[in-house]
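Got a predicted structure here, sequence first:
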Amino acid sequence: MSVAVLCGGVGAARLLAGMVRTVPPADVTAVVNVADDMEMHGLAISPDLDTVVYTVAGAIDPERGWGLRDESWQAMATLERYGGETWFGLGDRDLGTHLYRTRRRAQGAPLSAVAGEIARGWGLELTVLPATDDPVRTVLTLADTGDEVAFQDYFVRRRHAVAVAAVRFDGADSARPAPGVREAIAAADTVVVAPSNPIVSIGPLLAVDGLREAVQARRDDVVAISPLVGGRALKGPADRLMRELGHDDSVVAIARLYAPVAGTLVIDQQDAEHAEAVRAEGLRCLVTDTIMRDPEAAAALCAVALG
């Protein structure tokens, strides 16, 4: 069975760690959001791509959910000594990934080629693709000031503790899917939408020109997994963002968001009472344990989604 997984951030990475235990890794393609990417200290940084690779490789820091385990922070300490920006932490080992990516990009290699090189460097057999090789950036409008800020400024620097009035994806209209992305979606037996933030993780991915249409064409074979459990996000601001942007913080609202592109929604047992309301939005509904406490639990979730 071939599977394409639409990914963004920690929830997708944990799902993929289970997916490669459920089907042969070579049959899995991760299509990853890159609208969170940034340049800092002259380095090209792709947080979601790296979180996916590190997690599937078993190298992720288990407490933070990002970066590498057994990390040290001497470079950041030295940077702080000079008065440099340290609000976005880059561990000493993690810096090697960003140095490699930056050099390869400067040599003219597209992000998709570099992502494959990095995945192979960690011994991974699944295919890891950015949604696009073109620059797309998530921009959020702050409710209190009306200022626009980049995603990492909102998420890391401000600790996503400020209200948001609007979200847009700069560059998405002119971006094209990376090589292999549309093909992977078209050829997959099942397309899975990971339990990522639907607004700022899956939203920018689907905003890339042609990708929403590619997923819609497979709607009957698309299975989305709700990122909300009992009306709350297990990690990150998905529930709060949905409220701030005029949606309910419920699996029914998730169903409404995904109904145009997905034929099935997987929800947690805590939300079983909403299963009929999900079906009323035009989706099949599967109820199971969606909390990925470990890779085994993630694999069990993947088995339900694929089954």
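Structure's in. What do you need? Residues are numbered from 1 along each chain as shown.

How much space separates A207 from E296?
34 Å (Cβ to Cβ, to the nearest Å). (Glycine included, C-beta is placed from N, CA and C.)

Show me what the lowest-mean-pLDDT helix or strand in the chain is packed up against.
Least confident helix or strand, the chain: strand 232-233 with a mean of 91, by mean pLDDT, DSSP states H and E. With contacts defined as 3 or more Cβ pairs under 8 Å, 6 or more residues apart in numbering; DSSP states H and E, strand 232-233 has these neighbours: helix 238-244.

Could you check the helix it packs on and say which residues are buried?
Buried positions in helix 238-244, judged by neighbour count with 16 or more other Cβ atoms under 10 Å: A238, D239, R240, L241, M242, E244.

What's the local residue count around the residue lying closest to P204 once chain neighbours are set aside?
Nearest in space to P204, with sequence neighbours left out and distances taken as Cβ to Cβ, 6 or more residues apart in numbering, is A35 at 3.5 Å. Neighbour count for A35, taken as other Cβ atoms under 10 Å: 28.

likewise A150?
Counted by other Cβ under 10 Å, the residues lying close to A150 total 17.

for L142, same thing?
For L142, using other Cβ under 10 Å, the count is 17.

For the closest residue to it other than its chain neighbours, give me the pLDDT.
Leaving out its chain neighbours, the residue that sits closest to L142 by Cβ to Cβ, 6+ apart is V162, at 5.5 Å. According to the predicted model, the pLDDT of V162 comes to 97.

L286 too?
At L286, pLDDT is 98.

you'd agree it is up against A303?
No: applying Cβ atoms under 8 Å, one finds L286 not in contact with A303, separated by 11.1 Å.

ok, those two, which is more surrounded?
Using other Cβ under 10 Å, the more surrounded residue of L286 and A303 is L286, with 18 against 15.

helix/strand/coil for that one?
strand (DSSP: H, G, I helix; E, B strand; the rest coil).

Please apply the same query to A44.
The three-state label given to A44 by three-state DSSP is strand.

for it, what are its contacts?
By Cβ atoms under 8 Å, 6 or more residues apart in numbering, A44 lies in contact with D37, H98, R101, T102, R105.

one more time with 6 Å
Residues counted as contacts of A44 (Cβ atoms under 6 Å, 6 or more residues apart in numbering) are R101, T102, R105.

Kindly report the same for V167.
L140, I199.

List the buried residues for the one helix or strand it maps to?
For V167, the element it lies in under DSSP states H and E is strand 164-170. Residues of strand 164-170 classed as buried by neighbour count (16+ other Cβ under 10 Å): V164, V167, F169, D170.

same check, this time on stretch 272-287
By neighbour count with 16+ other Cβ under 10 Å, stretch 272-287 contains the buried residues H274, A275, V278, E281, L283, C285, L286, V287.

Over to stretch 174-192?
Within stretch 174-192, the residues that qualify as buried are A175, P177, A178, V181, R182, A184, I185, A188, T190, V191, V192, counting by 16+ other Cβ under 10 Å.

swap in stretch 192-211?
Of the residues in stretch 192-211, 192-208, 211 count as buried by neighbour count, 16+ other Cβ under 10 Å.

For that stretch, measure first residue to last.
Taking Cα to Cα, to the nearest Å, stretch 192-211 runs 14 Å from one end to the other.

for it, the distance to its chain's centre please.
With Cα atoms, centre = their mean, to the nearest Å as the basis, stretch 192-211 stands 8 Å off its chain's centre.

Stretch 242-251 now?
Mean-position distance between stretch 242-251 and its chain equals 19 Å (Cα atoms, centre = their mean).

what's next to it, contact-wise?
A163, V164, S226, L228, G231, D239, A253, I267, D271, H274.

If we use 7 Å, what do you get?
Applying Cβ atoms under 7 Å, 6 or more residues apart in numbering, the contact partners of stretch 242-251 are 143, 163-164, 167, 199, 226, 228, 231, 239, 253, 267, 271, 274, 278.

With stretch 289-297 instead?
With Cβ under 7 Å, 6+ apart as the test, stretch 289-297 has contacts from 14-15, 17-18, 21, 195, 225-226, 229, 234, 266-269, 298, 301.
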